[in-house]
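**Q** Following is a predicted model, sequence given first.
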Amino acid sequence: MTLDLQSLESWLWGSADILRGSIDSSDFKNYIFGLLFLKRANDVFQEEVDKIVDIKGLSKEEAENDPDEHQFCFLPANARWQNIIEKTENIGESIDKALASIEESNPNLEGVMTAVHFGNKEVLSDSVLQRLLLHFNKYSLGNNDLYTPDLLGDAYEYLIKMFADDAGKKGGEFYTPKGVVKLIVQLIKPEPKNKVYDPTCGSGGMLVESARYIAEKGGKTGGLLDAGLFGQEKNLGTWAICKINMILHNYSDADIQKGCTLTTPKHIQNDELMIFDRVIANPPFSQNKWWDAAEVEVKTDDKGKEIAPNYNKVVSDSYGRFSYGIPPRGYADLAFLQHMISVLKNDGKLGIVLPHGVLFRGGSEGKIREGILRDDILEAVVGLPSKLFYNTGIPASILIVNKSKPSQLKNKVIFIDASKEFKEGKNQNILEDEHVNKIVNAYDAGAEVEKFMRIVDMKEIAKNDYNLNIARYIDTSVLEEEIDLAATLEEIRNIELKEKEIDDKLAGYLKELGL
């Protein structure tokens, strides 16, 4: 049976219902994505076996046991689907061993498959796992059984969103709403042959959307993307999800590293930071205590109160990323931005989602903002609606940095107030395609739109002490209707006369009643 997207999404989401009551909904993704990849790997493995037997004339046993004959993933005997679903006890332990053996046989999957453990019976009983395996056994996920080659990647994106919805606030840790991702990609416009980098890549949505955009612009040759995808993610479980996401979208050569980007950036070449054509990110908003080395030996006073380290003194970066200044301990926003600027090519462009506070907060952040503006690399500030994100209801903004601004934007910054561009949702507001298109079209046209977009000269920004609060530059107030005072007073007098008539009538009725 050939699977279409709707059937595939419904089937995959049904697996979450089996887990309800056994584990927290925020953890569904870790287990389901592991099994999804295991089933996909097995079905493609079997397709490859059949093809090898048919074309090369090898026996089935030879085709199954020669790692060199398998492109997608080699599966040792204990990781093969039939062996797993036949288990009736200690099923979780068998799945853990299967996933570990896949890692051992496929170095590119090291750490991906064992990021979650199925073997704890107090969490997942044999009966629950049996139901889950039977559910996954319903359909084949081989290439020949999918309606399009990208179908499973699209379904995976659907699951990531559904799990984010289900997890609520925790969903924001690994998922950026689709509308925001589309908007930022269309603003920085990645091109074929570009190297695209996300330093806080989460589950990889921004990289996937960048790849999709590049492919639509003719950047796909022979089924392969003519561009490089690079990312780093601190959370181990989310990193594993991102790796699987890349593989299911057929971007298995994407370079996804794990670790903290600020303290231990992993994309290094010749002992220097790699540089990229496009950099894109939605870092955690206002991350506290962001420099790990400074937090190792936090001291306390004689009353046991924490003595916060002075980040201006203790933060020392060997890569020289914080040339504009050291952000405060409680706000990592401009640390992420400076990292992204430092890895951006001289003709490159970056887009970053940040909380509105970065636009106007003073102190060290104000000095950093001033330095960036003086260097004339900030191209645009886009104010987003509130309640777009899972982990906060506050409005955010997108900053676009362009190290080679066009001549008409030299010493100028584009301001766009898109705070009213959304569809109201039950829990989160939604940035739909029509809203994205309005913002992008205005940005591309480069012409001012009343109460929506302005191109502001740097002299005006300097007069505002380099404050980027959008309300300072775009007047969104609504003109109140002019009041005809004389007519209003006349209307009030008429009302008072009518009231007097009513009072007189009422008094007459009461008198007739003897009251």
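**A** Received, thanks. Because the structure is a prediction, the values reported are computed rather than measured.
**Q** Low-confidence ranges, the chain, go.
**A** Low-confidence segments of the chain, defined by pLDDT under 70, are located at 1, 167-174, 391, 477-481, 515.
**Q** biggest strand in it by residues?
**A** Scanning the chain for the strand with the most residues, using DSSP state E, yields strand 344-355.
**Q** List the buried residues of that one.
**A** Residues of strand 344-355 classed as buried by neighbour count (16 or more other CB atoms under 10 Å): 344-345, 348-355. For every residue, glycine as well, the C-beta is placed using N, CA and C.
**Q** same thing with stretch 284-292?
**A** Buried residues in stretch 284-292, defined by neighbour count with 16+ other CB under 10 Å: 284-287, 290-291.
**Q** sorry, back to before: give the pairing partners of the longest strand of the chain; include direction for each.
**A** Within its sheet, and counting by DSSP bridges, strand 344-355 is paired with strand 276-281 (parallel), strand 396-402 (antiparallel).
**Q** Nearest the geometric middle of the chain, what residue?
**A** By CA atoms, centre = their mean, the mean C-alpha position of the chain lies nearest to T176, the distance being 2.8 Å.
**Q** how about that one, secondary structure?
**A** Secondary structure, DSSP: H, G, I helix; E, B strand; the rest coil: T176 is coil.
**Q** cool, E482 as well?
**A** Remark: E482 carries the secondary structure label coil [criterion: three-state DSSP].
**Q** Could I get the CA-only coordinates of stretch 315-335 as CSV?
**A** Backbone C-alpha positions of stretch 315-335 (Å, rounded to 0.1, in the frame of the first residue of the first chain) are rendered in CSV as follows:
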residue,chain,number,x,y,z
VAL,A,315,34.4,35.7,30.1
SER,A,316,37.4,35.0,27.9
ASP,A,317,36.8,33.7,24.4
SER,A,318,39.8,32.3,22.5
TYR,A,319,37.9,32.9,19.2
GLY,A,320,37.4,36.7,19.8
ARG,A,321,33.7,36.5,19.2
PHE,A,322,32.6,39.2,21.7
SER,A,323,34.4,42.2,20.1
TYR,A,324,31.4,44.4,20.7
GLY,A,325,31.3,43.6,24.4
ILE,A,326,30.3,41.0,27.0
PRO,A,327,26.6,40.6,27.5
PRO,A,328,25.3,40.4,31.1
ARG,A,329,25.0,37.1,32.9
GLY,A,330,21.2,37.0,32.7
TYR,A,331,20.9,37.7,29.0
ALA,A,332,22.8,35.5,26.4
ASP,A,333,20.8,37.0,23.5
LEU,A,334,23.6,39.3,22.2
ALA,A,335,26.2,36.6,22.9
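**Q** I'd say V116 and G34 touch.
**A** Yes. With contact defined as CB atoms under 8 Å, V116 and G34 form a contacting pair (5.5 Å).
**Q** For these two, indicate the residue with more neighbours.
**A** Between V116 and G34, counting by other CB atoms under 10 Å, G34 is the more crowded of the two (23 against 20).
**Q** looking at it, that one is touching L99, isn't it?
**A** Yes. Under the criterion of CB under 8 Å, G34 is in contact with L99, at a separation of 6.5 Å.
**Q** Now do the contacts for V279.
**A** Taking CB atoms under 8 Å, 6 or more residues apart in numbering, we find V279 in contact with 196-199, 340, 343-344, 348-352.
**Q** now the residues you listed as JSON lines including distance to Y139?
**A** Shown next, in JSON lines, are the contacts of V279 (distance: CB to CB, whole Å):
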{"residue": "V196", "distance to Y139": "33"}
{"residue": "Y197", "distance to Y139": "35"}
{"residue": "D198", "distance to Y139": "32"}
{"residue": "P199", "distance to Y139": "37"}
{"residue": "M340", "distance to Y139": "41"}
{"residue": "V343", "distance to Y139": "42"}
{"residue": "L344", "distance to Y139": "43"}
{"residue": "G348", "distance to Y139": "43"}
{"residue": "K349", "distance to Y139": "41"}
{"residue": "L350", "distance to Y139": "41"}
{"residue": "G351", "distance to Y139": "38"}
{"residue": "I352", "distance to Y139": "39"}
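**Q** Fine by me, thanks again.
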